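Q: Provided below for reference: sequence and predicted model.
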2 protein chains.
Amino acid sequence: MSWTDSSVVVVGTVAFDSIKTPFGERARIVGGAGTYIGWSASRLGVGTGLVSVIGEDFQQSELDLMSQAGMALEGIDRPVGGKSFFWAGSYHMDMNGRDTLETELNVLADFNPEIPAAWRGAKYLMLGNIDPNLQASVLDQMTERPELVVLDTMNFWMDIAMEPLKAVIARVDVLTINDEEARQLSGERSLIKAARAILAMGPRYLVIKKGEHGALLFHEEGGKLQYFFCPALPLEDVVDPTGAGDTFAGGFIAHVARTGSTDFETLKQGIVVGSALASFTCEAFGTEGIRAVTREALDARIAEFRRMMDWNGAGVEA
Amino acid sequence: MSWTDSSVVVVGTVAFDSIKTPFGERARIVGGAGTYIGWSASRLGVGTGLVSVIGEDFQQSELDLMSQAGMALEGIDRPVGGKSFFWAGSYHMDMNGRDTLETELNVLADFNPEIPAAWRGAKYLMLGNIDPNLQASVLDQMTERPELVVLDTMNFWMDIAMEPLKAVIARVDVLTINDEEARQLSGERSLIKAARAILAMGPRYLVIKKGEHGALLFHEEGGKLQYFFCPALPLEDVVDPTGAGDTFAGGFIAHVARTGSTDFETLKQGIVVGSALASFTCEAFGTEGIRAVTREALDARIAEFRRMMDWNGAGVEA
């Protein structure tokens, strides 16, 4: 599949991970935010254009699989003699935390994302978690303002680049962060107050990712804060949560792209679809889980979310 | 209000708390699981029969207010010369933990719950968090098996009295514990596996309370695990979470009592109603929040839960 008008431009890493969890370990498997986002969108039949950088060590066979799944790769730079970004981490026994064992930036150190000319009018743009100055430079390259720009970031950038981060946040539609990051960014302990403060910085929507505790979508309408809560599916086994947040983001923006609407109702659906896709990522190492998702398996899982959230309010109120 | 056939027998502490949170402090205010459960049920117009023990220091004026709200007090023992159970605690700045500063068992040290004869045929029984041997003795006193018995417990009893605890769990319908306790009780990290293991111990339902992350209701039907998730309402300010779990339990069992059904659908509603009532407890110190709840305020809050969980699944699946 090649680039189409409904494809999503995705800026994010394509890399290698070594991962250790209570369920086992894997050395130098394919990972990176861009990879997970691309695979996730592909499960909804939504094409992506990946903007990233890899080394000469990245396998052509992997790129072929990605391309076949709907990821356009002309935006991936591959500098001569370069080595791919590499992260090694080990999850705690209770899976509630992880330690970084090794980080080799390699080609990522000089990453300067350049959007292929043909993609600069894209309607949907996913800015993965990278330096906010680079995220801003991507926005500057777009010839038209996309219909929906989703920006992911993390506490690291709040610690060292809060002002550039706030500047780019002001230019996007959706910000995705976790609950502690929402507190850090806003200076508010209460998520309600944090959401109000962050929406006042510019974005139309705020997604607060709480991992195994689900996700919240905030939106302001007529001065009133609206919110939607989607739980995470309780799983038999969380084998490896690496990439779950990126899988979620990929499903979320891909649902918007396939629907063509950016209203609150559609974004709520995107939260559920993204959460359903993320649950598959958690069930296996690396991208194994998300790659194997069929349309039937996804539909069955979305139905599980519907059941888990379903209750009959009749007669409950006075 | 006095005891009626639809009242709920509640075994739990009626006591004093000194509480410090980032929002302020209160010294020796009225607290205790039985108190919160009774006040919570009263907001649904459901009477309770409290089985507890207090000291001579407990104010008659408080007992009068409880009685007026629908709590029958003939089951509260008041030994001569006794002092009420007292707990002092301080919440961390981020409200995610608390330190116990002082615990005086006082009259609770010799608590031996005795159910008034007129209450021994009660249809609904709430066994608050006390020694599992005492919980069992209460069950032994009932002349008929109640339609629904809810048992609350905590890690403390798992540490020192696992066998008596498992024995009493086998005799109840609903067990309410938090996620870490579910893991400890079952020896399983996955909540799905933990739920299966705990339901195999006897209860028909398992409620896993996750505080600010909501609550899960598990149930097995035809060998298949069913579950329902209810988020906690994001609040402007969590002023004092003391008693939120008890308020939740009180609303949960009172909803069952007022409905007269113990099926999965009714218990799901109970989870939402209990969560809505608990949100009021968190908004003020001690029992202040729950006491002030009107039917109108509760209905409005239940409607907020409905909105927060509402999404349109049409067209989301393939």
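A: Yep, that arrived.
Q: quick one: stretch A:113-129 to chain centroid distance?
A: Centroid separation between stretch A:113-129 and its chain, computed with C-alpha atoms, centre = their mean, to the nearest Å, is 15 Å.
Q: So for it, what gets flagged as buried?
A: A:113, A:115, A:119, A:122-129 (16 or more other C-beta atoms under 10 Å in any protein chain shown). Placement of C-beta: from N, CA and C, glycine included.
Q: Would you mind extracting the C-alpha trace of it into PDB?
A: The C-alpha atoms that make up stretch A:113-129 are tabulated as PDB, following Å, rounded to 0.1, in the frame of the first residue of the first chain:
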ATOM      1  CA  PRO A 113      12.300  14.900  10.500                       C
ATOM      2  CA  GLU A 114      11.600  15.900   7.000                       C
ATOM      3  CA  ILE A 115       8.100  15.300   5.600                       C
ATOM      4  CA  PRO A 116       8.100  14.200   2.000                       C
ATOM      5  CA  ALA A 117       6.500  16.800  -0.200                       C
ATOM      6  CA  ALA A 118       3.600  14.600  -1.200                       C
ATOM      7  CA  TRP A 119       2.600  14.200   2.500                       C
ATOM      8  CA  ARG A 120       2.600  17.900   3.500                       C
ATOM      9  CA  GLY A 121      -1.100  18.300   2.900                       C
ATOM     10  CA  ALA A 122      -2.000  15.300   5.100                       C
ATOM     11  CA  LYS A 123      -5.300  15.600   7.100                       C
ATOM     12  CA  TYR A 124      -4.000  13.600  10.000                       C
ATOM     13  CA  LEU A 125      -0.700  14.000  11.800                       C
ATOM     14  CA  MET A 126       0.600  12.000  14.800                       C
ATOM     15  CA  LEU A 127       3.500  13.600  16.500                       C
ATOM     16  CA  GLY A 128       5.200  10.900  18.500                       C
ATOM     17  CA  ASN A 129       7.200  11.600  21.600                       C
END
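Q: Among the buried residues of stretch A:113-129, which one lies nearest to residue A:238?
A: Ranking the buried residues of stretch A:113-129 by separation from residue A:238, with C-beta to C-beta as the measure, puts residue A:129 on top at 21.2 Å.
Q: Distance check, the nearest residue to that closest one once chain neighbours are set aside against residue A:316.
A: Setting aside the residues directly before and after it, residue A:129 is nearest to residue A:152 in space (C-beta to C-beta, 6 or more residues apart in numbering or on different chains), at 4.7 Å. The spacing between residue A:152 and residue A:316, counted by C-beta to C-beta, to the nearest Å, is 37 Å.
Q: Looking at those two, which is more packed in?
A: Set side by side, residue A:152 and residue A:316 show more neighbours around residue A:152, with 25 against 22, by other C-beta atoms under 10 Å in any protein chain shown.
Q: Looks like that one contacts residue A:34 (just checking).
A: No: between residue A:152 and residue A:34 there is no contact under C-beta atoms under 8 Å: 11.0 Å.
Q: Now for the spatially closest residue to residue A:275 that is not a sequence neighbour: which residues touch it?
A: Closest residue to residue A:275 apart from its sequence neighbours, by C-beta to C-beta, 6+ apart: residue A:230 at 5.2 Å. Contact partners of residue A:230, counting by C-beta atoms under 8 Å, 6 or more residues apart in numbering or on different chains, are A:214-217, A:268, A:271-272, A:275, A:305, A:309, B:311.
Q: rerun that using 7 Å as the cut-off
A: Residues in contact with residue A:230 (C-beta atoms under 7 Å, 6 or more residues apart in numbering or on different chains) are A:214-215, A:271-272, A:275.
Q: cool, and residue A:142?
A: Neighbours of residue A:142 in contact, by C-beta under 7 Å, 6+ apart: A:120, A:125.
Q: repeat that with 6 Å
A: residue A:120 (C-beta atoms under 6 Å, 6 or more residues apart in numbering or on different chains).
Q: which residues do residue A:152 and residue A:34 both contact?
A: Contact criterion C-beta under 6 Å, 6+ apart; residues bridging residue A:152 and residue A:34 by contacting each: residue A:128.
Q: quick one: buried residues of the longest helix seen in chain A?
A: Assignment by DSSP state H gives helix A:264-282 as the longest helix of chain A. The neighbour-count criterion (16+ other C-beta under 10 Å) identifies A:264, A:266-282 as the buried residues of helix A:264-282.
Q: mean confidence score for that helix?
A: Average pLDDT, helix A:264-282: 98.
Q: Alpha carbons of it, as CSV, please.
A: Output in CSV follows, covering the C-alpha atoms of helix A:264-282 (Å, rounded to 0.1, in the frame of the first residue of the first chain):
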residue,chain,number,x,y,z
PHE,A,264,-16.3,14.4,20.7
GLU,A,265,-18.4,11.3,19.9
THR,A,266,-15.9,10.0,17.3
LEU,A,267,-12.9,10.7,19.6
LYS,A,268,-14.6,8.7,22.4
GLN,A,269,-14.9,5.8,19.9
GLY,A,270,-11.2,6.3,19.1
ILE,A,271,-10.3,5.9,22.8
VAL,A,272,-12.2,2.6,22.9
VAL,A,273,-10.7,1.3,19.6
GLY,A,274,-7.2,2.4,20.7
SER,A,275,-7.6,0.7,24.1
ALA,A,276,-8.8,-2.5,22.4
LEU,A,277,-5.7,-2.5,20.1
ALA,A,278,-3.4,-1.8,23.0
SER,A,279,-4.7,-4.8,24.8
PHE,A,280,-3.3,-7.1,22.1
THR,A,281,0.1,-5.4,22.3
CYS,A,282,0.3,-6.2,26.0
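Q: And the very next helix or strand once past that helix, how far out from the chain middle?
A: Elements were assigned by DSSP states H and E; along the chain past helix A:264-282, the next helix or strand is helix A:288-291. Offset of helix A:288-291 from its chain centre (C-alpha atoms, centre = their mean): 15 Å.
Q: Grab the CA positions of helix A:288-291 and hand them over as PDB.
A: Once side chains and other backbone atoms are set aside, the C-alpha atoms of helix A:288-291 remain, and they are given as PDB (Å, rounded to 0.1, in the frame of the first residue of the first chain):
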ATOM      1  CA  GLU A 288       4.000  -9.700  18.000                       C
ATOM      2  CA  GLY A 289       0.600  -9.100  19.500                       C
ATOM      3  CA  ILE A 290      -0.500  -6.100  17.400                       C
ATOM      4  CA  ARG A 291       0.800  -7.600  14.100                       C
END
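Q: Doesn't residue A:57 lie inside a helix?
A: No: with DSSP: H, G, I helix; E, B strand; the rest coil as the criterion, residue A:57 is coil rather than part of a helix.
Q: Next, work out how far apart it and chain B are.
A: Note on residue A:57: its distance to chain B, by C-beta to the nearest C-beta, to the nearest Å, is 35 Å.
Q: can you count the residues close to residue A:145?
A: In terms of burial, residue A:145 registers 11 neighbours under the definition other C-beta under 10 Å.
Q: Three-state assignment for it, please.
A: Once three-state DSSP is applied, residue A:145 turns out coil.
Q: do the same with residue A:134
A: Remark: residue A:134 carries the secondary structure label helix [criterion: three-state DSSP].
Q: What separation do you get for it and residue A:111?
A: From residue A:134 to residue A:111 the distance is 7 Å (C-beta to C-beta).
Q: quick one, strands of chain A?
A: Applying DSSP state E to chain A gives strands spanning A:8-11, A:15-21, A:24-31, A:48-53, A:71-77, A:86-91, A:98-104, A:124-127, A:148-152, A:174-178, A:205-209, A:215-221, A:224-230.
Q: which parts of chain A sit against chain B?
A: Taking C-beta under 6 Å from any C-beta of the partner chain as the test, the list of chain A residues beside chain B reads A:190-192, A:213, A:227, A:229, A:231, A:234, A:236-237, A:265, A:268-269, A:295, A:299, A:302, A:306, A:308-309, A:311-313, A:316-318.
Q: Many thanks, we can stop here.
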